[in-house]
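> missing the sequence, but the structure's below:
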């Protein structure tokens, strides 16, 4: 091979990116080619070291723009490595501005790390606060356990817990004996369907099921629910009970048991019944009052009780009695009229005192014949009362009318009132 051919071969390898392994000493430009091959080998090794992350490699004996660029790149990587170590140490002020798009990505990453660090710091502080709070709560719980036991065993209300399957009491306070006549041991030894009637147990289990759904994700309920039940006592009495029900979760947030407080509301129910009665009845006569009468008219108008008849009753001479004998005598007259009216009507008829001396009777599914029969009974009962009470004479003016349908109610009431006044006028003339 000629010298020119060998030179061409060496240059061809270099052009192909290969570094010749041997430069013949007798080749043209052998010293220069040897230096070039050596420099290229150093550049290759240095580049490979950088690519493999070795930033300690050196590039001795090679100069020029390419070597300078690689050394500058190495210096940049060393500085970037130092910056990364500072970021790892928590210095999020580091920024890169010499690596183009990488700089943007790096700076964005550092900003996000800074934000995450702040968030983690806040969460850590909250966690520490929660731990402190839990420690305090645990201490308070330990201190309150004995107090709770004493309260539960001495409270008049019944405190109880029920298993998640809603089958048995898992705890019940001794006051169950006062409420229902059972001992706590007896109550704990029996399933709920033995201790409670089916309707009452069904109501309770409906509420317990609704509460349990918050632990399965199928629903949302209030922290506690309040219901009123009737429970059978050991001697067979039905006791009205107000029950407040909630639930306790275990450490994994699963339903552990239901907890409730049962209170005897017998006295409250009696008071409620009295208040309800007083809201619908006249306190002086115990007949229905005007408010109930108005509501009853609306109910009848929307119902199927036609024909409906009305009898308007006016107590004669009440003002005269009040003025001459006093209001006590007037009150006795009003009560006597109410007594007569109660005796004159059927149990299904409604009698209301709608004014000081005015009453209205409502007879559902009754026609004009029923009005005439009722008025005759009132006259008979009045006469009988007066015979037995000669010192207190009762006289009442009466009028009645019938509504065949809803639209006729108002007209019938007015007609009944009109006929009552006509009866009053006629009776005055006949005295």
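Alright, I've got the coordinates. Remember, predicted model here, so these are calculated numbers, not experimental data.
> wait, what's in contact with residue 422?
By CB atoms under 8 Å, 6 or more residues apart in numbering, the contact list for residue 422 reads residue 399. All C-beta spots, glycine's among them, are computed from the backbone N, C-alpha and C.
> that one: what secondary structure?
helix (DSSP: H, G, I helix; E, B strand; the rest coil).
> how close does it sit to residue 312?
11 Å (CB to CB, to the nearest Å).
> need the overlap of contacts for the two.
Common neighbours of residue 422 and residue 312 are listed as residue 399 (criterion: CB under 8 Å, 6+ apart).
> quick one, strands of the stretch 301-431 of the chain?
308-315, 350-353, 358-364, 396-403 (DSSP state E, counting those that start in this stretch).
> can you redo these as CSV with distance to residue 46?
As requested, the strands of the stretch 301-431 of the chain are arranged in CSV below (distance: least, CB to CB, whole Å):
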stretch, distance to residue 46
strand 308-315, 112
strand 350-353, 111
strand 358-364, 111
strand 396-403, 113
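> what's the most buried one of these?
Stretch with highest mean neighbour count among the strands of the stretch 301-431 of the chain: strand 308-315 (a mean of 24; mean count of other CB atoms under 10 Å).
> paired strands for that one, with orientation please.
When sheet partners are counted by DSSP bridges, strand 308-315 sits next to strand 358-364 (antiparallel), strand 396-403 (antiparallel).
> now mean pLDDT and distance to residue 156 too, for those strands, in JSON lines please.
Listed next are the strands paired with strand 308-315 as JSON lines, based on pLDDT from 0 to 100; distance: least, CB to CB, whole Å:
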{"stretch": "strand 358-364", "mean pLDDT": "97", "distance to residue 156": "46"}
{"stretch": "strand 396-403", "mean pLDDT": "96", "distance to residue 156": "53"}
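> looking at the ones you listed, spot the one closest to residue 268.
strand 358-364 (32.2 Å; CB to CB).
> got a list of contacts for the closest one?
Strand 358-364 has contacts (CB under 8 Å, 6+ apart) with 287, 293, 296-297, 300, 305, 308-315, 337-338, 341, 345-346, 348-354, 370-371, 374, 413, 416.
> let's see 6 Å
305, 308-309, 311-314, 345, 349-354, 370 (CB atoms under 6 Å, 6 or more residues apart in numbering).
> for residue 293, see how far away residue 355 is.
10 Å.
> thinking again about what came up before, how about JSON lines for the strands paired with strand 308-315, with distance to residue 106 added?
Below are the strands paired with strand 308-315 laid out as JSON lines (distance: least, CB to CB, whole Å):
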{"stretch": "strand 358-364", "distance to residue 106": "90"}
{"stretch": "strand 396-403", "distance to residue 106": "91"}
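> give me the three-state assignment for residue 23.
coil.
> which strands and helices lie in contact with the lengthiest strand in the chain?
For the chain, the longest strand by residue count, based on DSSP state E, is strand 238-249. Secondary-structure packing of strand 238-249 (3 or more CB pairs under 6 Å, 6 or more residues apart in numbering; DSSP states H and E): strand 225-232, strand 255-264.
> list the buried ones in that strand?
239, 240, 241, 242, 243, 245, 247 (16 or more other CB atoms under 10 Å).
> please apply the same query to stretch 412-431.
Quick answer for stretch 412-431 (16+ other CB under 10 Å): 412, 413, 415, 416, 417, 419, 420, 423, 424.
> which one of those residues is nearest residue 56?
Nearest to residue 56 out of the buried residues of stretch 412-431 is residue 413 (CB to CB; 110.9 Å).
> and the closest one, how far is that from residue 308?
Taken as CB to CB, the span from residue 413 to residue 308 is 10 Å.
> about what we covered before: can you convert the buried residues of strand 238-249 into JSON lines and add a column each for distance to residue 83?
Putting the buried residues of strand 238-249 into JSON lines (distance: CB to CB, whole Å) gives the following:
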{"residue": "239", "distance to residue 83": "78"}
{"residue": "240", "distance to residue 83": "77"}
{"residue": "241", "distance to residue 83": "72"}
{"residue": "242", "distance to residue 83": "69"}
{"residue": "243", "distance to residue 83": "67"}
{"residue": "245", "distance to residue 83": "61"}
{"residue": "247", "distance to residue 83": "54"}
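> looking at those, which is nearest residue 129?
Using CB to CB, residue 247 comes nearest to residue 129 of the buried residues of strand 238-249, at 26.8 Å.
> which SS class is residue 205?
Residue 205 ends up helix, using three-state DSSP.
> for residue 400, what are its contacts?
311, 371, 416.
> again with residue 171
Taking CB under 6 Å, 6+ apart, one finds residue 161 in contact with residue 171.
> report pLDDT for it.
Note on residue 171: pLDDT of 90.
> tell me the spacing between it and residue 163.
Residue 171 is 10 Å from residue 163, by CB to CB.
> can you check residue 143 too?
In terms of CB to CB, residue 143 sits 28 Å off from residue 163.
> what are the phi and psi values at residue 354?
phi -100, psi 0 (degrees, to the nearest 10).
> sorry, that was for residue 349
phi -80, psi 150.
> how many neighbouring residues does it have?
For residue 349, the neighbour count with other CB atoms under 10 Å is 18.
> got the contact list for it?
361, 363 are the contacts of residue 349 under CB under 6 Å, 6+ apart.
> try it again with 10 Å
Residue 349 makes contacts with 309, 311, 341, 342, 361, 362, 363, 364, 366, 370, 374, as judged by CB atoms under 10 Å, 6 or more residues apart in numbering.
> got the angle for the biggest helix by length in the chain vs strand 255-264?
As assigned by DSSP state H, the longest helix anywhere in the chain is helix 101-154. Going by axes from the mean of the first three to the mean of the last three CA atoms, to 10 degrees, helix 101-154 is angled at 40 degrees with respect to strand 255-264.
> could you point out which element follows helix 101-154?
strand 158-162 (DSSP states H and E).
> what packs against that following strand?
Counting by 3 or more CB pairs under 10 Å, 6 or more residues apart in numbering; DSSP states H and E, the packing neighbours recorded for strand 158-162 are helix 101-154, strand 169-172, helix 176-180, helix 184-189, helix 198-212, strand 238-249, strand 255-264.
> could you dump the ones you listed to CSV with distance to residue 271?
Shown next, in CSV, are the helices and strands packed on strand 158-162 (distance: least, CB to CB, whole Å):
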stretch, distance to residue 271
helix 101-154, 26
strand 169-172, 28
helix 176-180, 19
helix 184-189, 29
helix 198-212, 22
strand 238-249, 12
strand 255-264, 13
